[in-house]
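A.B. asks: test case, fold it:
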Amino acid sequence: MRVLITGGAGFIGQRTGQLLLKQAHQVTVLDNLSPPAHDGPPALPAGMELVEGDIRKREDWVKALKENEVVVHLADYHDYLPSFSKLFHINAVGTAILFELLLEGKTSVRRIVLGSTTAVYGEGKYRCGKDGDVYPLPRRVDVLERGVWDPPCPICGGAITPMITDESVTRPTSAYGLSKLAQEDLVRLLGDRHGIEWVILRYGAVQGKGQPFQNAYYGALRIAALRLAHGQAPLLLEDGNQLRDFVDVEDVARANLAAITGLPPGAYNVATGRAHAVIDLARTLLRIAERDLAPETPGRYRVGDPRHVVPDVSRLKAEGWEAQSGLEAMVREYWQWLQQQPNLDTYFEGADHLMERTGTVRVAR
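C.D. replies: As a prediction, the model looks like this:
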C-alpha cells in the first residue's frame, strides 16, 4: 500500500512510518520541518520519501499525493498562544485544500486517517448528584483567578465528578480544540458526501521517547523532565490534580496502523483508559530520576485548559486495539532518552516568559 503521512517527520508521524515500513508499505512524508517541532533536517528511516512542503499550498499537496492510496493527516498547528488565525489556517484550511484536490479526481486516495485530539471534548462528561450526566461550560477566568479549579454543574452550580467521555459529544474549550473540530467536520462531511473513507483518531496526552524537548509549550512529561534535567523541580499548573490519560507514542502509532489497514470508518479515542493526575506523573518522574525534589504548584493556570480529560477507549478496544505501555514504562523510557541528548538548553524559560507576557498563563490571586 502507498501511504502519505503529513507531518510525517514529527513525533507521531515517524513512529507511524516506521511501522508501515516494517510491513512493506511505501511511505511518503509531507512536512514543512518548521521549529519548534524540528531543529534541523530529520534523520528519517531509509525507505521514507520526504517532500518538504506546506499543507496550505496546493502545489505541495500535489507533489506529495502522487499515487498514494491513504493519507494519514497528522500535520497540524498546536499552540496555546493567541495565534487563532494560524490555528484555523493550518488545521482547517489545509484540510479543505486536500479535499479540493481529491475531488478533482486526479489522485488514488481512497481513505483519510485524521489525527485529532481529545481537546474537542472540552471538559467532557461529568456527573452531578442532582442533575445526572452534565457537560460543564468552559471555566471562567474570574473564577480561575481565585484558585477555584473544579468546574461546577452547569444546571445547579453544585459539585460534580468527572466521568469517562465517549465520542458522542464535542464542546471544545480552546481555539485549538475548535480548529481540530472544524477539521474533523470537514473530513466527515466531505468524505461521506464524495465517497472517501475516513477515520478520525482522537489522541489523549501523547508522550514518549523522542518527543522533542525543544518545544516547551506543551507536553507535561517533556516539560517536567527538561526542568529536572536542569536541577529544577517540576512546575505544575493549577494544583496538579488535573486528570489526563497519558498514552505512549508507540501505542498511538499502532492505532494509526489499524486505521490505515482496515479500522471501520468513524471517530475513536486513542488512550490507555487509565487517567492519572498530572502531579502523579511528576512524582513518578522524580522517583525514576532519583531526585529529592517536590513538584511545585504556585497557582499558575493556562486559559482554555479543561480541568479533566478522561476518554472512553472501549470503542477502539472493541476493534482489537489496546494500549500496551503504562505510565511507569513511558516515563522511564523518556527520562533515559533525554539523558542521552546533547545541548539540553533551558527552552522552558523562554516559553514560560512568552506565555505569561501574552496572558496565556496567569497566576491565581
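
A.B. asks: now do the buried residues in stretch 223-231.
C.D. replies: For stretch 223-231, a neighbour-count test (16 or more other C-beta atoms under 10 Å) marks Ile223, Ala224, Ala225, Leu226, Arg227, Leu228, Ala229 as buried. To be clear about C-beta, it is placed using only N, CA and C from the backbone, and glycine gets the same treatment.

A.B. asks: stretch 61-70 now?
C.D. replies: Trp61, Ala64, Leu65, Asn68, Glu69, Val70.

A.B. asks: stretch 324-338 now?
C.D. replies: Buried, per 16+ other C-beta under 10 Å, within stretch 324-338: Ser325, Leu327, Met330, Val331, Arg332, Glu333, Tyr334, Trp335, Leu338.

A.B. asks: contacting residues around that stretch?
C.D. replies: For stretch 324-338, contacts defined as C-beta atoms under 8 Å, 6 or more residues apart in numbering pick out 207-211, 213, 221-222, 225-226, 229, 246, 248, 250-251, 254, 272, 274, 276, 280-281, 284-285, 288-289, 344.

A.B. asks: excluding chain neighbours, what is closest to Arg58?
C.D. replies: In this structure, Arg58 finds its nearest non-sequential neighbour in Ile97, 5.7 Å apart by C-beta to C-beta, 6 or more residues apart in numbering.

A.B. asks: that's a helix at the one you found, yeah?
C.D. replies: Yes. Applying DSSP: H, G, I helix; E, B strand; the rest coil, one finds Ile97 inside a helix.

A.B. asks: for Phe348, see how far away it is.
C.D. replies: Distance of Ile97 to Phe348, computed by C-beta to C-beta, to the nearest Å: 34 Å.

A.B. asks: also Pro311?
C.D. replies: From Pro311 over to Phe348 (counting by C-beta to C-beta), the distance is 27 Å.

A.B. asks: repeat for Leu293
C.D. replies: Distance of Leu293 to Phe348, computed by C-beta to C-beta: 15 Å.

A.B. asks: these two: which has the busier surroundings?
C.D. replies: Neighbour count, other C-beta atoms under 10 Å: between Leu293 and Phe348, Phe348 has more, with 19 against 15.

A.B. asks: which residues sit against the helix or strand where that one lies?
C.D. replies: According to DSSP states H and E, Phe348 maps onto helix 347-357. Applying C-beta under 8 Å, 6+ apart, the external contacts of helix 347-357 come out as 36, 80-81, 213-217, 223, 226-227, 235, 302, 360-362.

A.B. asks: filter those to the buried ones?
C.D. replies: For the contacts of helix 347-357, buried by 16+ other C-beta under 10 Å: 80-81, 213, 215-217, 223, 226-227, 235, 302, 360-362.

A.B. asks: name the nearest residue to Leu102, sequence neighbours excluded.
C.D. replies: For Leu102, the closest residue by C-beta to C-beta, 6+ apart turns out to be Val109, at 5.6 Å.

A.B. asks: mind checking the SS state of the one you found?
C.D. replies: Classification of Val109 by three-state DSSP places it in coil.

A.B. asks: one more: the one 4 residues further on?
C.D. replies: Secondary structure state of Val113, per three-state DSSP, is strand.

A.B. asks: count of neighbours near it?
C.D. replies: Val113 - counted by other C-beta under 10 Å - has 26 other residues nearby.

A.B. asks: I figured it was touching Ile196, is that so?
C.D. replies: No. Counting by C-beta atoms under 8 Å, Val113 does not reach Ile196; the two are 11.4 Å apart.

A.B. asks: returning to what we had before: in a markdown table, list the buried residues of stretch 223-231 along with secondary structure and distance to Ala92.
C.D. replies: Below are the buried residues of stretch 223-231 laid out as a markdown table (DSSP: H, G, I helix; E, B strand; the rest coil; distance: C-beta to C-beta, whole Å):
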| residue | secondary structure | distance to Ala92 |
| --- | --- | --- |
| Ile223 | helix | 27 |
| Ala224 | helix | 32 |
| Ala225 | helix | 32 |
| Leu226 | helix | 31 |
| Arg227 | helix | 34 |
| Leu228 | helix | 37 |
| Ala229 | helix | 36 |
